[in-house]
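Peer 1: structure, please.
(one chain, ligands or ions: 1)
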Amino acid sequence: MFFSRKSPKPSAAWQAVVDYLADYFVLPKDEVTLWCSDHNTDGSASGISITFPFANQTQWPFIQAGIARALQSAKAEVDVTLKQQINAGQTAKPPVTNIRNIIAVASGKGGVGKSTTSINMAFALMQEGARVGILDADIYGPSVPIMLGNTSERPSTTDNKHMQPLEAHGLVANSIGYLVPADDAAVWRGPMASKALSQLLNETRWPVLDYLIVDMPPGTGDIQLTMAQQVPLTAALVVTTPQDLAIADAQKGIAMFNKVNIPVLGLVENMSYYQCTACGHKDYIFAKDGGNVLAERYGLPLLGALPLDIQIREHAGSGKPLLLSAPDGPLAEAYRDMARAVSLELATTVPVAEAQSKHIKGDPIAFNPLKDN
Ligand SMILES: Nc1ncnc2c1ncn2[C@@H]1O[C@H](COP(=O)(O)OP(=O)(O)OP(=O)(O)O)[C@@H](O)[C@H]1O
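Peer 2: The predicted structure follows:
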């Protein structure tokens, strides 16, 4: 965006930008001020750089237009640039090489759509400009290979010690489903399942990732607890459906992460409602506001509400990700809304790790599926 260099009042411009951002993101001015810095455009005129610590690139055209309007009404002129730099969040355990943030997606009970939410959120975060990977920790029922449509592929290795993760549509992934037949893993006891997860996490050559999404096994038993403790999680997200039973189980999920001091970013209500394709009427098939009530009870934000929609099921089962097949539709938009909310929540609630770049070693040679952004 270009403005005349004859900026009479840089402080008015600064104020207009900060006010606009605080208003747009519904955040305190102190918070958004941290994203802004003065920069020199050509040595004589100064401008404002906004560095977002979260993924929101699809919104930049709106934000740029909004800032232009705000500057115009403040009668201020300044050059404004937008950038994105996602920080590594603080973790209790040492971070995994190349991964800035690990987010667990969990559910109190099976079948609520945890895996579907994980994969769609991963693609949505990518569309918002983040570098993303997915780790299928659902050892007993891995579904990532099916959803990515690459069940017959296997991770390769060059040194017999590390795996190159698979890559599908720019998303890097690893899953027990790529490594052993489903029937074998289904009978593993807890210690074997957690060992498998540890190997998948630590012996994969991850490229530099802003987010690794971990699709957890459903439930809140010993296995899930061990896994939650074992992985250097930055934060967790709990997926639920609105009916009472699922809500009761989601509570156990929140309690489990609280017990091991992993911050819960918020809740996602899946299959919230069904919208009639003919008349647009919304039917709350399971119950209304279940996720909202639970979110209020725990003081957590409701970060997304996804409808029950045949397209979501069809895309999940066909290996053709919804976010790529129908990127402009309302469902893709709903997932991107959720992804931005998750990314913003993490950036504004989880403290930034002290050592930002020590564990970022760079993309393994000859393996860089993600475009630089
Ligand atoms: N919003 C939705 N609309 C329609 N179908 C959905 C939706 N979310 C998930 N599904 C479908 O519901 C089924 C269960 O979803 P999914 O496998 O994601 O659940 P899960 O909680 O991960 O299950 P599991 O306990 O097996 O790990 C799948 O067939 C999926 O396609």
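
Peer 1: contacts for the lowest-mean-pLDDT helix or strand in the chain, please.
Peer 2: Among the helical and strand segments of the chain, the one scoring lowest on mean pLDDT, DSSP states H and E is helix 182-186, with a mean of 71. For helix 182-186, the external contacting residues (CB atoms under 8 Å, 6 or more residues apart in numbering) are 139-142, 176, 193, 196. For every residue, glycine as well, the C-beta is placed using N, CA and C.

Peer 1: which members of these are classed as buried?
Peer 2: Neighbour-count burial (16 or more other CB atoms under 10 Å) applied to those gives 139-142, 176, 193, 196.

Peer 1: farthest pair within those residues?
Peer 2: Greatest spatial distance in those: Gly141 and Ala196, 13.4 Å, computed using CB to CB.

Peer 1: which residues of this structure lie near the ligand?
Peer 2: 107, 110-116, 138, 141, 143, 218, 270-271, 306, 308-309, 312-313, 316-317 (CB under 6 Å from any ligand atom).

Peer 1: filter those down to the buried ones, PyMOL style.
Peer 2: In PyMOL, this line selects whichever of the residues of the chain next to the ligand come out buried by 16+ other CB under 10 Å:
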select buried, resi 107+112+113+114+115+116+138+141+143+218+270+271+306+308+309+312+316
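
Peer 1: so of the residues of the chain next to the ligand, which ones are in helices?
Peer 2: Secondary structure defined by DSSP state H assigns 114-116, 312-313, 316-317 of the residues of the chain next to the ligand to helices.

Peer 1: neighbours of the closest residue to Ser156 other than its chain neighbours, how many?
Peer 2: Once flanking residues are discounted, Ser156 sits nearest to Gln164: 5.0 Å by CB to CB, 6 or more residues apart in numbering. A count of nearby residues for Gln164, using other CB atoms under 10 Å, gives 19.

Peer 1: OK, contacts around Gln164?
Peer 2: 155-158, 204-205, 364, 367.

Peer 1: and those, which of them are buried?
Peer 2: 155, 204-205, 364, 367.

Peer 1: farthest-apart pair in these, please.
Peer 2: Pro155 and Pro364 (12.5 Å).

Peer 1: show me where pLDDT drops low in the stretch 201-350 of the chain?
Peer 2: Within the stretch 201-350 of the chain, the ranges that satisfy pLDDT under 70 run 287.

Peer 1: hang on, I meant the stretch 51-200 of the chain
Peer 2: Those would be 185, 187, if you go by pLDDT under 70 across the stretch 51-200 of the chain.

Peer 1: Ile139 contacts Lys195, doesn't it?
Peer 2: No. The criterion here is CB atoms under 8 Å, and Ile139 misses it with Lys195 at 9.9 Å.

Peer 1: distance to Val260 added to the buried ones among the contacts of helix 182-186, as TSV?
Peer 2: Shown next, in TSV, are these (distance: CB to CB, whole Å):
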residue	distance to Val260
Ile139	19
Tyr140	21
Gly141	23
Pro142	23
Ile176	22
Ala193	17
Ala196	20
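
Peer 1: so which of these sit within strands?
Peer 2: Nothing among these maps onto strands, per DSSP state E.

Peer 1: in the helix ranked longest in the chain, what's buried?
Peer 2: Determined from DSSP H, the single longest helix within the chain is helix 330-349. By neighbour count on 16+ other CB under 10 Å, the buried set for helix 330-349 is 331-332, 334-347.

Peer 1: how much space separates Ile312 from Glu269?
Peer 2: Look at Ile312 and Glu269: by CB to CB, to the nearest Å, they are 14 Å apart.
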